[in-house]
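No letters, just coordinates:
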């Protein structure tokens with residue numbers, strides 16, 4: 001299992017290379033969402049996503065001789081951009097495997113950092129990544145099912161507790177579960193009274209269904225506006241942490257994901273990708289177990305979004 005000490009070690013390791021992103025109070029959303037609204041603005045992180053934290057922690061923990069052979073990563077976009085940034089920093093070559101459906105803004109952002117991009121079907125990403133690792137000796141940087149990755153993402157939780165000690169609830173988007181398991185470990189170790197709620201697209205509700213079943217289920221592929229949250233099965237290492245530490249997981253309809261994104265822009269003047277806006281959508285949907293006096297921190301996980309998302 002992941003430990004608080006691993007997360008503190010990750011913070012010491014990656015702090016020279018990342019921003020400590022702000023928590024912003026959005027009073028204008030209080031009446032809409034039914035609580036006191038705060039956001040943790042990881043859309044303002046370097047690479048415009050929290051994923052840089054885990055990628056850096058993993059690669060800074062990897063032997064130099066392995067990095068010199070190159071790294072490979074399956075991604076929907078943001079993890080790949082984090083790996084590409086870290087590879088450039090550490091003079092390593094990165095190959096990023098993306099789905100054909102990846103937004104152009106994410107593909108272009110990865111290439112701009114000097115990484116090679118290979119695209120394939122969504123369901124083939126991990127198989128192709130493993131093949132490239134075998135064929136060329138590249139080190140595989142998994143996007144979520146890895147304790148070093150989780151520890152890096154968990155540093156977000158350390159920052160929230162330090163920046164907003166009065167927080168009652170933290171709302172976290174879920175894909176494979178790296179961020180959720182990292183934050184839950186950090187926060188529950190320090191302040192177990194704080195509620196942790198995971199949010200995922202209703203069309204790919206892999207955690208909701210797996211938690212109900214008591215085991216990791218593999219879902220069929222579906223499209224969603226939340227392109228960063230399309231993982232079809234909970235991570236093997238992530239799932240038991242979510243089972244043990246997360247208070248609730250809720251699923252969000254597609255129309256509310258888009259409405260959440262537009263609400264953040266129109267009412268909060270915050271540019272966030274759909275996957276980041278899903279927590280706001282959950283509140284608009286009335287799916288969150290919160291009340292008007294609660295101080296709720298919504299994770300805005302990324303801002304790598306193109307103009308086409310607003311049409």
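Thanks, I have it. As the structure is a prediction and not an experimental result, all values here were calculated from the model. Residues are numbered from 1 along each chain as shown.

and stretch 224-232, which residues are buried?
224-231 (16 or more other CB atoms under 10 Å). All C-beta atoms are positioned from the backbone trio N, CA, C, and that covers glycine.

What segments of the stretch 151-300 of the chain are strands?
169-173, 195-201, 248-252, 295-300 (DSSP state E, counting those that start in this stretch).

and of those strands, who's closest to residue 36?
strand 295-300 (4.6 Å; CB to CB).

what distance separates that closest one from the centre of its chain?
14 Å (CA atoms, centre = their mean, to the nearest Å).

residues making contact with that strand?
The contact list for strand 295-300 (CB atoms under 8 Å, 6 or more residues apart in numbering) reads 23, 33, 35-43, 50, 156, 160, 164, 166-173, 179, 183, 264, 270, 272, 276-277, 279-280, 283, 288, 290.

Quick check: can you name the pairing partners of it and their directions?
strand 36-41 (parallel), strand 169-173 (parallel) (DSSP bridges).

Make CSV out of those strands and add distance to residue 70 and mean pLDDT.
Formatted as CSV, the strands paired with strand 295-300 follow (distance: least, CB to CB, whole Å; pLDDT from 0 to 100):
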stretch, distance to residue 70, mean pLDDT
strand 36-41, 32, 98
strand 169-173, 30, 99
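
ranking those strands by burial, who's on top?
Highest mean neighbour count among those (mean count of other CB atoms under 10 Å): strand 169-173, with a mean of 27.

For that strand, what is the distance to the chain centroid?
11 Å.

about what we covered before: could you dump the strands of the stretch 151-300 of the chain to CSV with distance to residue 96?
Formatted as CSV, the strands of the stretch 151-300 of the chain follow (distance: least, CB to CB, whole Å):
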stretch, distance to residue 96
strand 169-173, 21
strand 195-201, 23
strand 248-252, 27
strand 295-300, 23
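
List the buried residues in the strand or helix carrying residue 108.
Take DSSP states H and E as the rule and residue 108 turns out to sit in helix 104-112. For helix 104-112, a neighbour-count test (16+ other CB under 10 Å) marks 105-107, 109-110 as buried.

ranges for the helices of the chain?
4-14, 30-33, 51-60, 64-67, 78-89, 104-112, 125-136, 147-163, 178-190, 206-213, 238-245, 254-268, 274-285 (DSSP state H).

OK, contacts around the residue lying closest to residue 113 once chain neighbours are set aside?
In space, and not counting its chain neighbours, residue 113 is closest to residue 84: 3.9 Å by CB to CB, 6 or more residues apart in numbering. Residue 84 makes contact with 94, 96, 110, 113-115, according to CB under 8 Å, 6+ apart.

How about residue 235?
144-145, 176-178, 181.

Can you pull up the most central residue in the chain?
residue 179 (5.0 Å; CA atoms, centre = their mean).

Do you know the pLDDT at that residue?
With respect to pLDDT, residue 179 scores 98.

What distance do you get for it to residue 236?
16 Å (CB to CB, to the nearest Å).

Residue 226 now?
Taken as CB to CB, the span from residue 226 to residue 236 is 22 Å.
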